[in-house]
Structure formats: structure tokens, C-alpha cells
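Novice: Fold the following, please.
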Amino acid sequence: PTKTPTKAPTKAPTKTPTKAPTDSCSCSNPKQTPTKCEVDILIDFMEAAIKKDLKLAAQWLRLSFHDAGTFNKQTKVGGANGCLINHPPMRDEDENSHLDLPINTLVVIRRNWEKHAKTCVRVSSADMIQFAGFFSSLRQVGAKPGINNQKIVQLKTFEWGRPDENSCKTQWTSNLPGFQLGNGNKGLAVRCELAGVEIEEKMIKRNGLTAEESTALVGAHTIGLTRNTFGTFLNGPWVKNGDDNATPSGPVFDNAFFDFLQNSIPAKSASEFEKNISPFTDPFPDWFRDTPRNLNYLDTDLALAFPSQGSHPNFHTFTVQFSKDNAKFLAKFFKSLDKMSKLGVTAKLSLPGSCSSCFRRRRLSSSRSKTTTKYQVSGRKAAYDKIQTVRSYSQRLQSFPASFFKELKAARAEAKMRNEAKQRRRSENGLIVRLTTPIQKLKAAAADPNDDTAQLGVDTQPSRLAVAEIQATKFLSENKDKSVLNDRVKIVVSG
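Specialist: Residues are numbered from 1 along each chain as shown. Okay, the predicted model is just below:
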């Protein structure tokens, strides 16, 4: 008999005796909240995936924003609810274009994590998306991005238990900021002001964030590119060290975005910017391009660069503060990211549990001492678990099943195929830009240095994809000289 009586029945003997001991650690009831050891295993899987494809750092972060950012506190809909994974039509919305790769890789990671021999978990899609955003941004902090013991400590402060939404609605994407053609026919000062109004409307009034939190979260643009948003040949980061391959471990997550807004733009007000758009060389309907340095900025980015003219909160105040103090930016960003990851969530969330005897995990460090995190998510001081054994990442990587990497490769291929299919459908529906100026005329105008009317005219629906898919690739395929497009042909949108 058991020494300590319990309400649970005694386990029945096996019908067919074997020499092996009875398995007391079977996974018959997977948990929604992982243990710290199971989080270690998840970190390994995510690290393996991001090392294979560094652009996942920015894309997982964008995915977490787009899932949670659908929240509307006025109508109590949307939020961090897993719809981008569980409801495929959500990813077909213009606002969520090119999220197939981060979604597909997360699905593969979760499947392999849940069937791992040392885990017994069944977590929600909402939790996976938000943890991925936390992991990817935290991983990129520091001059040498990557995972270390201090970051592992902080990752274990992530709270689990977000339920998935059963009735996702694609119209919730209207709560996301900045996804329609801008005010290209307005003056630049008006455009900047209206972009600030949009941040207030979407992030403050609907999402329920403060002006400081909204500013900090827009700072996520410090990593990643305007990827395929304005045409593949116009891809570019916001800042150089935010490029996917800025370091061997990917982009650097710091305050470089705010430093650029404060110190690289000579204009100190929106009205001054209207007269001098330096360092940008090409203004578009809702974004600006610094062609020599291959940098792109949205109107909503520039709304943070100048003092408000009175129609929205003065986001510029926080831009100045963050540009001067990287530590302050990081602290505010991660606290704001934690708040965003819980938008629309009413369920009680839980920290990872203690490692069970069945699924105990040994990992990374030789240190047995306790340490605390530098950037606290919600004020808690997290003590690092005592470590028993040193195992390098490369050693742990060898224990991964070969099928995991095959699945990742298949996920990338499927994402590429889906994106191509979307482009074809949009073209058939008339959403892709159609050339209205004959190619030969464009070539002749572009070749004439005295012809200042050389423009690529387009007829388009009011969609951001119009700018995204400017079919100047036809022009380039004949011309073979991208500089001609940049130097002689100005891209404009009409309609």
C-alpha cells in the first residue's frame, strides 16, 4: 500500500509482464503550462530554427504584434488569441501578408516540442505566438545576439495559459495600424500628423496602450525589413544593424531606430521636414526611402520623429528619451511587450512549473549560483535554476531528430508556395499594380536625362499591396539596370 493515501486509484498491473519497469511517467494528461525544463527544450528548438533562418527574429516578433494587435478594448474582440495560426483566412488579409513562414515554422516547432520524449505539454497557439515574439526580440539584445543564461532566466518569466479563440473574425485586422494607402496627396506635415492620429486611434484607444508604450513598441522596427511590402527590389531595413544578417547571429535589437529618428533627420519639425526630407531621397504615398543607404521608413515611424502639432499625443518626447538611453528603451519595450501579449486575455496565466522527476532537463551553464535578470518584464526577480551539467548548444543540436530539420525545410517551401499563390490571386483580382505606361516609352524616358516626366504610372485598388507589387520587374528584366529605375523612374500611385 502507498505510505500516503490519495484519492487516485492504485495503478492496475500490466496484463503482459515484461522485464522492463512499469512506466510511471507516461504523458496521459498534457499540461497547458510547461515546466522550466520543458521551456529549456522549447528554447533549443527555437534556437535551432532561427539559426537556420535569421529573418525569423523579426518575423516572429511581427507575428506576435499582429495576433495581439487585433484587440479592441471598446468592443472586447480580438487580442492574443492564436487566430493567425488556427484560422487560415486571417493570414490571407493584406495586413498579414508574408506571415506564412513564421507561422509554419512555429507549427513545426510546437509539434516536435510536444512529442519530445521529455515533455508532456499541449500549449495554445496564442501562447506559442507570444512566446515566439518574446524569444526573438530578447535573443537579439546585445552587441552579440544569441541565447545565454541571463536571457534564459527572463524567458522563464513568460506566463502561459492564453486560450485560443474559436470564432476568429478577419475584420479584426482593421485594428492594426498603418495598412492602407497613406495621404500621398497631402502635404508631408499633414501626413506625419495623420499618421500620429492613427497610432493614437489604433494603439491607444483600441489596444489600450499608453503613448509611451506605443512609442516603445513601434521601436520594434529596429530589427527587420519592409519585407516585400513595397516590392522585393525595394526591401530594406529601418537601420543597418537591424538587417537580418547584420551579425552572424542576426539583427541587433537596440535603440538605433530612435537614434536615427532623432539624430539622422535634420528637420526638427514636420513643417521643416516638408521643405527638406533629408536623409530620404524618395517620398512615396505612405513611406520614405533613403535609396543610397537602402533604408525605408513608414509615415507612422516619422510621426515619432517630430513634436505633435496638437492632434495626437507627443510621441516625440519618448523618442528623445529612448534615443539617449538604450537601457531605458529596452526596459520599457519588454514591459510593454508583456502587456501587449496579454491584450484581450481574461484567463489566469501561470509561470512555468518546477521540473518534474520524469522530465528533468540538464542544460547550458556551469554556474550553480543564482542570478537575476537585467530587464524585468513585470517587476519580478527571477532566480536561475541550479545547473547540474554543462551541455553546449551544438551537443544538444545533435540530439534533435533529423526529421525536425526536414520539416522546417518543408515549412519554408510551403510558405513560399503560399505567397506565390497569393500574388497570383491578387493579380487576377486586379489588386496588383498594372502598368499603364508602355515599357518602351518608360525606357526611352528613363534614358533621357532631360525628361523629368519619366514616371511609372499605375492603376490600382486602394491597397498597400499596390505599392508592394509595382511590376517594374518587367521593366528591369528588359533594362537589366536597377539604377535606371532608382535614378530616372519615379514610382507614383494614381487612383
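Novice: which intervals of this structure have sub-threshold pLDDT?
Specialist: Counting by pLDDT under 70, the ranges of the chain that qualify are 1-24, 178-186, 227-233, 359-399, 423-495.
Novice: send the alpha carbons of the helix or strand hosting residue 134 over as CSV?
Specialist: Element membership of residue 134 [criterion: DSSP states H and E] is helix 125-139. Listed next in CSV are the C-alpha coordinates belonging to helix 125-139 (Å, rounded to 0.1, in the frame of the first residue of the first chain):
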residue,chain,number,x,y,z
SER,A,125,-1.4,28.7,-30.4
ALA,A,126,-1.8,32.0,-28.6
ASP,A,127,0.9,31.1,-26.2
MET,A,128,3.3,29.9,-28.9
ILE,A,129,2.9,33.1,-30.9
GLN,A,130,3.5,35.4,-27.9
PHE,A,131,6.4,33.4,-26.6
ALA,A,132,8.0,33.5,-30.0
GLY,A,133,7.8,37.3,-30.1
PHE,A,134,9.4,37.5,-26.6
PHE,A,135,12.1,34.9,-27.5
SER,A,136,13.0,36.5,-30.8
SER,A,137,13.3,40.1,-29.5
LEU,A,138,15.1,39.2,-26.3
ARG,A,139,17.5,36.9,-28.3
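Novice: which helices and strands sit right next to it?
Specialist: helix 36-52, helix 56-68, helix 83-86, helix 100-114, helix 149-155, helix 326-340 (3 or more CB pairs under 8 Å, 6 or more residues apart in numbering; DSSP states H and E). Using the backbone N, CA and C atoms, a C-beta is placed for each residue, glycine as well.
Novice: Deepest-packed of those, please.
Specialist: By mean neighbour count, with neighbours taken as mean count of other CB atoms under 10 Å, helix 56-68 ranks first of the helices and strands packed on helix 125-139 at a mean of 26.
Novice: contact partners of stretch 97-109?
Specialist: With CB atoms under 8 Å, 6 or more residues apart in numbering as the contact definition, stretch 97-109 has outside contacts at 42, 45-46, 49, 53, 55-56, 59-60, 62-63, 66, 84-85, 91, 128-129, 132, 227-229, 404, 407-408, 411-412, 414-416, 418-419, 422, 465, 468.
Novice: For residue 300, find the nearest of the helices and strands packed on helix 125-139.
Specialist: Nearest of the helices and strands packed on helix 125-139 to residue 300, taken as CB to CB: helix 56-68 at 12.7 Å.
Novice: returning to what we had before: relative to helix 56-68, how tilted is the helix holding residue 134?
Specialist: For helix 125-139 against helix 56-68, the angle by axes from the mean of the first three to the mean of the last three CA atoms, to 10 degrees is 140 degrees.
Novice: Give me the neighbour count for residue 115.
Specialist: By the criterion of other CB atoms under 10 Å, residue 115 has 10 neighbours.
Novice: Kindly report the same for the one 3 residues further on.
Specialist: Applying other CB under 10 Å, we find 17 other residues in the vicinity of residue 118.
Novice: which SS class is it?
Specialist: coil (DSSP: H, G, I helix; E, B strand; the rest coil).
Novice: In this structure it contacts residue 35, no?
Specialist: No. Between residue 118 and residue 35 there is no contact under CB atoms under 8 Å: 9.9 Å.
Novice: which residues of the stretch 301-450 of the chain fall in strands?
Specialist: Per DSSP state E, counting those that start in this stretch, the stretch 301-450 of the chain carries strands over the ranges 434-435.
Novice: Which strands and helices lie in contact with the longest helix along the chain?
Specialist: Counting residues, the longest helix found in the chain (DSSP state H) is helix 402-428. With contacts taken as 3+ CB pairs under 8 Å, 6+ apart, helix 402-428 sits against helix 36-52, helix 100-114.
Novice: Could you pull up the residues touching residue 341?
Specialist: So residue 341 contacts 64, 68, 80, 130, 133-134 (CB under 8 Å, 6+ apart).
Novice: And for it, nearest residue in space, chain neighbours not counted?
Specialist: residue 130 (4.0 Å; CB to CB, 6 or more residues apart in numbering).
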